[in-house]
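*Asks:* Next comes the sequence, and after it the predicted model I'd like to discuss.
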Amino acid sequence: MTEQDGVWTRRRFLEMVGIAGGAAALYETMTTLGLINIPEAWAGPLELPKNIGKGKTVLILGAGIGGLTAAYELTKAGYQCEIIEAQNRAGGRSLTARRGTVIEEEGDGQRPPTRQVCQFDEGLYLNMGPGRIPYHHERALYYAKTLNVALEVYVMETTANLFQTDDAFDGKAQINRRVANDTRGYIAELLAKAVNKGALDDELSGKDKQKLKEKLLDLLEVFGSLNSDDNSYTGSTRSGCAVEPLTVTQPCEPPKPLSFEHLLNSEFWRNSFYQPVDYLWQPTLFQPVGGMDKLVEGFKRKIGQLIRYQSVVQKIELKDDGVEGARS
């Protein structure tokens, strides 16, 4: 664990990576170094032979989601498990704050310790760790179903959200869909002009370039909601109506497009505007009804009696015939 003659050991290097970047950085580093095999796509829950663990004991450090899952699966296979948890609660970084929740942080010598007590109204809560389950997190969805944890749709965004900056639009807030659709319209118009001027002829390969140009222009017209006669962008009902119709027969007139100059000056794209398009945030997202800790409670209903709270591990010693440890 220490450097000798100025030479760093691999273990020391990994230790420092963990201190600097946390568990995620350490995992990625060990994967890159070939110390951890990249797991294959999840093919379903563990299928351990029944009673394979009979007569064997397992000590699990930490009652986070990983520790709870391990205890749940190993207990089903006959292992005698015990979970050591340093805190007075289970869940690890999955913490849901409600009225009465107490969060205490130790001081660092320069800042004093802090103690915060949640004062939310009854029924309100805040997921202070993970807050949503993407549709492709199949393991989490499986255990939610297995543990009878009800889920609901997590709404990531609405196109009616407002975007505001003092650098554009005269400081006035703009509706998300107007920013998004007007940007698409202007970009499509600029690209259509380039196509019509032959600026992209060298980029279009194939026997019939004219046909490809026609298809590209058709794509741009639909993509940007362009006018079909001159491929210009003058607004779109995708952005809503200038005046909300009072009846179903009243036509929806598109609002005047936002200034392209204002759109560029706003630099809206630098403020997580396109985050909902990222893979981890794409619909459909889910969340446990009533808070993310409901998944933790689901595990606790099954193996909660195995958790030893406020038990801090002081030492772990590997031996040929087992493991010894000390805790407080």
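*Replies:* Right, received. Where do you want to start? In this text the structure is predicted, and so the values were computed from the model without any measurement.
*Asks:* Let me know the next secondary structure element after the longest helix along the chain.
*Replies:* As assigned by DSSP state H, the longest helix anywhere in the chain is helix 10-32. Once helix 10-32 ends, the next helix or strand along the chain (criterion: DSSP states H and E) is strand 57-61.
*Asks:* Now do that following strand: which elements does it pack against?
*Replies:* When contacts are defined as 3 or more CB pairs under 8 Å, 6 or more residues apart in numbering; DSSP states H and E, strand 57-61 sits against helix 65-76, strand 80-84. Backbone N, C-alpha and C define where each C-beta goes, glycine included.
*Asks:* Can you spell out the domain ranges of this protein, please?
*Replies:* Using the TED database, the domain parsing of the chain gives 8-38, 62-156+283-327, 162-277.
*Asks:* As a markdown table, the ones you listed with mean neighbour count and distance to G53 would be great.
*Replies:* As requested, these are exported to a markdown table (neighbours: other CB atoms under 10 Å; distance: least, CB to CB, whole Å):
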| stretch | mean neighbour count | distance to G53 |
| --- | --- | --- |
| domain 8-38 | 12 | 23 |
| domain 62-156+283-327 | 15 | 3 |
| domain 162-277 | 15 | 43 |
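*Asks:* Export those to CSV and append columns for distance to I52 and mean pLDDT.
*Replies:* Shown next, in CSV, are these (distance: least, CB to CB, whole Å; pLDDT from 0 to 100):
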stretch, distance to I52, mean pLDDT
domain 8-38, 22, 75
domain 62-156+283-327, 5, 92
domain 162-277, 44, 92
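*Asks:* mind putting those in JSON lines, distance to N51 included?
*Replies:* Below are the domains of the chain laid out as JSON lines (distance: least, CB to CB, whole Å):
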{"stretch": "domain 8-38", "distance to N51": "28"}
{"stretch": "domain 62-156+283-327", "distance to N51": "4"}
{"stretch": "domain 162-277", "distance to N51": "47"}
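*Asks:* Identify whichever of the ones you listed lies nearest to P45.
*Replies:* Minimum separation from P45 across these (CB to CB) falls at domain 62-156+283-327, 6.3 Å.
*Asks:* Can you classify the residue minimising distance to the centre of the chain by secondary structure?
*Replies:* The C-alpha lying nearest the average C-alpha coordinate of the chain belongs to L280 (CA atoms, centre = their mean; 5.0 Å). Using DSSP: H, G, I helix; E, B strand; the rest coil, the structure places L280 in helix.
*Asks:* now it: how far from Y135?
*Replies:* 11 Å (CB to CB, to the nearest Å).
*Asks:* Please apply the same query to C118.
*Replies:* C118 is 30 Å from Y135, where distance means CB to CB.
*Asks:* Over to A90?
*Replies:* From A90 to Y135 the distance is 26 Å (CB to CB).
*Asks:* Also A97?
*Replies:* 26 Å.
*Asks:* Ok, R99 next?
*Replies:* R99 is 31 Å from Y135, by CB to CB.
*Asks:* again, but for K54
*Replies:* 38 Å.
*Asks:* quick one: contacts for the closest residue in space to G64 that isn't next to it in sequence?
*Replies:* Excluding the flanking residues, the one nearest G64 by CB to CB, 6 or more residues apart in numbering is G92, at 2.5 Å. Residues in contact with G92, defined by CB atoms under 8 Å, 6 or more residues apart in numbering, are 62-67, 129.
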